[in-house]
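Enquirer: Fold the following for me, if possible:
(2 chains)
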Amino acid sequence: MSFKQKFALAILGVAVVASLGAGYLVQSSYSEQFRDAISAPPSARFWLGTDELGRDRFARLLYGTRVSMLLAPAAALLATLIAGLIGGAAGYLGGRWERMITAGVDLFLSLPWLFLLLAVRALLPLNTSPVMSVMITFLLLGCLGWAGPARIIRAGTRTLVNSDFLVQASASGVSRWRLFWRHLLPNLRPVLLAQFWISIPLFILSEANLGLLGLGVSEPLPSWGAMLRDLENYSAVLQNPWMLAPAVLLVAVVGCLQLLLGTEERGVSC
Amino acid sequence: MLMRCRLTRFTMALMLCGLAAASSASELRFCLRIDPKTFNPLLVEDEASQTVRYLTGGVLIRLNRYTQELEGELATKWKVSENGRRIDFDLRPGVRFSDGTPFTCDDVVYTMRELMDPNLHSPTGDVFRSAPGPVESRCTGSSATGSAGVTVRFPGPVAALAAQFDQVAILSAHSAAKESAVLGPFALGEYKPGAYVLLRRNPNYWKRDANGHPLPYLDAIRLEIQQNRELELLRFRRGELDIVNKLDPEMYDRLSSEMPHAVVDAGPSLDWEIVFFNQVANAPLPEYKRRWFRSDDFRRAISEGIRRDDLVRIVYRGHARAAVGPVSTANRFWLNSALQPPSGSQTAALALLEHAGFRRSGSTLVDRDGNRVEFSMITNAGNKLHERTLALIQQDLARFGIQLNVVTLDFPSLVERISRTFNYEAVLMAITNVDLDPSAQMNIWVSSAANHQWNPNQKTPATPWEAEIDKLMAEQGGSQDRDKRKIYFDRVQQIAADKVPMLFLVNPNALSAVSPNVKNVTPAVLAPQIYWNVEHLQVGNALVSQARNALVNQR
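Expert: Okay, here's the model as predicted:
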């Protein structure tokens, strides 16, 4: 691991630890409105000032980081598992199964997923707590984000299925089940891991996009997406540059994930 | 001497024409959010078409947006009689359509016939359909004296009959191209879908200013089609636009810090921000929640508990007024001045909740059966003002132990829930109100109406107070005595304050931006706030243009 990657890991570690220990780092709750201190500048009381409803920006940033950093990997894991299952099955079974599954994946990719997400979101029960609502949002993202990785995993599986060692194992009479678990899956691990790492920033950004449309995490729970909406008011940003903190953190986290991904990709080539 | 005078006038004319030709024509530029759906003034429904109709249509009677009084335009006099069934107009003589066709009583008769044609389904005509039966229009007056008049008789009484003619643009009975022959200050010049609508000065417009100069002063109006508010603001800053007719408080504050002389806060508008609870009998709600929402005390407690002053200060940045009821403080005549906005007092709200059988259980509020008080409130996604309002209400209600779940939905889903499936608990929404007269609110207050939002389309009124409102609205609608109508509608406002079927939160201010280049602007709270007196507006070199027009007319 290079110095850059160690540095990236350290930043990610600090972000995760700070978000998990938010209760110890900040005194106020992310939802408490200090209506006498609207849009306040940074101070000893509010390290990053307050937002337009008088809520502590630093508290919201830490809790928002917790939401995005915990749920995005969970959604990425779900998407990678579904992609592994479907893409792996297509590549392993081959023939008409492969053609059928590939056509299904292509069809899924052609769907306007944003509208699908909006429609599904609109059908959810109204009395869902904000925490449940954010979990459902990421669950939906995970359920909808498998198709792209599935194609890559199918291609990877197909290459492995045609490789000499698998042909030899198959010719030696190894059962299909054992062939899959013992020989195929361990060799697919680098591809799966790469897809997992790629999906995390993708889901973080997707939630941010939904937040920009006002359809992400519901009030009063903070998320990066909801906080990025404040940047629409660019003149306020120029006057209060600390409003950029969520954007800086988002860029830093996505950048660090990309750096770490470099390690995984090298792992694949090794 | 006469020869010299003519020579001087001719030289002046040449000079002014040259000057005018050297400079570009005076043009007012502002944005429409969408393309106008129609240029037929009788079929107007959307805001963009309304704008075009306002700028091009000539009407018999116009509501002065500033004084809030009716003024004669194409009608010099009018008289309402037979308890609102009949109106007689004296028509202005010597008026011509933009294509040169003379304006006669035939045009009014033709317009009324078209307006009431059931096959046309004119939304403007709906307000005149007070009872089944034909509408009779006929010319009156004598050609010998040169006085022309029209009598229109309706099958039933029409509430605020004269005021309804503010929306009726008169069509030409004799012109070949009916949509392009207009009596308003401007006529349709060019339309490029998705790009702009260009309105050109009507050379035959009848109005003149105090000095006898023909109006309008402007040569043209360019309505740019622009949906993106940020781009609109950017173009205004660059000087590419002269007016932004509606600003939200955040944009207003941004602009006021950069261009303090360009922003206009005309005070509270007629619009409402409201919350209402679902009281529909067959709505898919648990029975205990239906009981809460139907409880007067519960609704009043929620209304009392919302701190409207904070909404005004924080969400609207001071550019709104705490609402007292269905009539804005901007509506000088119809407001029931005895009403006060709810206090936002925690004690008063808790007392009401206790009276309704609610009690605190730890940090939460429960009803008499022990059900935790938790409900959702929906609003349209992407509306920052609504999202912030809900965040404040959420904290206000949390003081009483009420859990409010905020749900933002895309607009079609929201409409589906509140008007078809009734699968919602409470909703926050904005109502745009453009009419001063309470008859315009008939479709909200009458229990059988589809827009009686909290419990629409009732066969018989569900509560005694809704029955009383039905009766009062019918009485005010049927009377032509303004003071009597005021008494009836004051009572409606009082019932609305006591029973709180809708929680009136704030009346947002009418905020606009006007370039310093535009002269004679008199902002009003009624739409269209900035250009209601469009014929008097001047932009940049409008004075040169005005002089040129004067000379052209003289010659």
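
Enquirer: Just list what whichever strand or helix holds A:Ser235 packs against, helices and strands only.
Expert: Using DSSP states H and E, A:Ser235 maps to helix A:234-239. Here helix A:234-239 touches helix B:249-258, going by 3 or more CB pairs under 8 Å, 6 or more residues apart in numbering or on different chains; DSSP states H and E. Any C-beta I mention is one placed from the backbone N, CA and C, and that applies to glycine too.

Enquirer: How about the very next helix or strand once past the helix it packs on and chain A, touching?
Expert: Where DSSP H and E defines the elements, the next helix or strand beyond helix B:249-258 is strand B:263-268. No. Residues of strand B:263-268 are not located near chain A by CB under 8 Å from any CB of the partner chain, the shortest gap being 13.7 Å.

Enquirer: Just checking: what are the partner strands of strand B:263-268?
Expert: strand B:502-514 (antiparallel) (DSSP bridges).

Enquirer: Summarise which helices and strands the helix or strand following the strand it pairs with is packed against.
Expert: Where DSSP H and E defines the elements, the next helix or strand beyond strand B:502-514 is strand B:518-519. Strand B:518-519 sits against strand B:538-539, with contacts defined as 3+ CB pairs under 8 Å, 6+ apart.

Enquirer: How about the lengthiest helix in chain A, which residues are buried there?
Expert: The helix that spans the most residues within chain A, counting by DSSP state H, is helix A:57-93. Within helix A:57-93, the residues scored as buried using 16 or more other CB atoms under 10 Å in any protein chain shown are A:57-69, A:71-76, A:78-80, A:82-84, A:86-92.

Enquirer: and it, what other elements does it pack with?
Expert: Helix A:57-93 is packed against helix A:3-20, helix A:22-25, helix A:95-110, helix A:130-144, helix A:147-161, helix A:185-212, helix A:224-228, helix A:245-269, with contacts defined by 3+ CB pairs under 8 Å, 6+ apart.

Enquirer: Can I get those in JSON lines including mean pLDDT, distance to chain B and mean neighbour count?
Expert: Formatted as JSON lines, those follow (pLDDT from 0 to 100; distance: least, CB to the nearest CB, whole Å; neighbours: other CB atoms under 10 Å in any protein chain shown):
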{"stretch": "helix A:3-20", "mean pLDDT": "87", "distance to chain B": "22", "mean neighbour count": "14"}
{"stretch": "helix A:22-25", "mean pLDDT": "88", "distance to chain B": "18", "mean neighbour count": "13"}
{"stretch": "helix A:95-110", "mean pLDDT": "91", "distance to chain B": "21", "mean neighbour count": "13"}
{"stretch": "helix A:130-144", "mean pLDDT": "84", "distance to chain B": "7", "mean neighbour count": "19"}
{"stretch": "helix A:147-161", "mean pLDDT": "92", "distance to chain B": "23", "mean neighbour count": "21"}
{"stretch": "helix A:185-212", "mean pLDDT": "83", "distance to chain B": "9", "mean neighbour count": "20"}
{"stretch": "helix A:224-228", "mean pLDDT": "78", "distance to chain B": "9", "mean neighbour count": "25"}
{"stretch": "helix A:245-269", "mean pLDDT": "71", "distance to chain B": "17", "mean neighbour count": "16"}
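
Enquirer: closest to B:Gly57 out of the ones you listed?
Expert: Closest of the helices and strands packed on helix A:57-93 to B:Gly57 is helix A:185-212, at 39.9 Å (criterion: CB to CB).

Enquirer: List the contacts of residue 246.
Expert: In the absence of a named chain, this looks at chain A. A:61, A:64, A:224, A:227-228, A:230 (CB atoms under 8 Å, 6 or more residues apart in numbering or on different chains).

Enquirer: nope, chain B
Expert: B:510-512, B:529.

Enquirer: again, 6 Å this time
Expert: Applying CB atoms under 6 Å, 6 or more residues apart in numbering or on different chains to B:Lys246 gives no contacts.

Enquirer: Now tell me what touches stretch B:438-457 from outside.
Expert: B:159-160, B:276, B:279-280, B:334, B:458, B:461-462, B:466, B:469-470, B:473, B:477, B:489, B:501.

Enquirer: Would you convert the helices and strands packed on helix A:57-93 into a markdown table that also reports distance to B:Gly325?
Expert: A markdown table is the format used below for those (distance: least, CB to CB, whole Å):
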| stretch | distance to B:Gly325 |
| --- | --- |
| helix A:3-20 | 46 |
| helix A:22-25 | 44 |
| helix A:95-110 | 52 |
| helix A:130-144 | 33 |
| helix A:147-161 | 53 |
| helix A:185-212 | 36 |
| helix A:224-228 | 34 |
| helix A:245-269 | 41 |
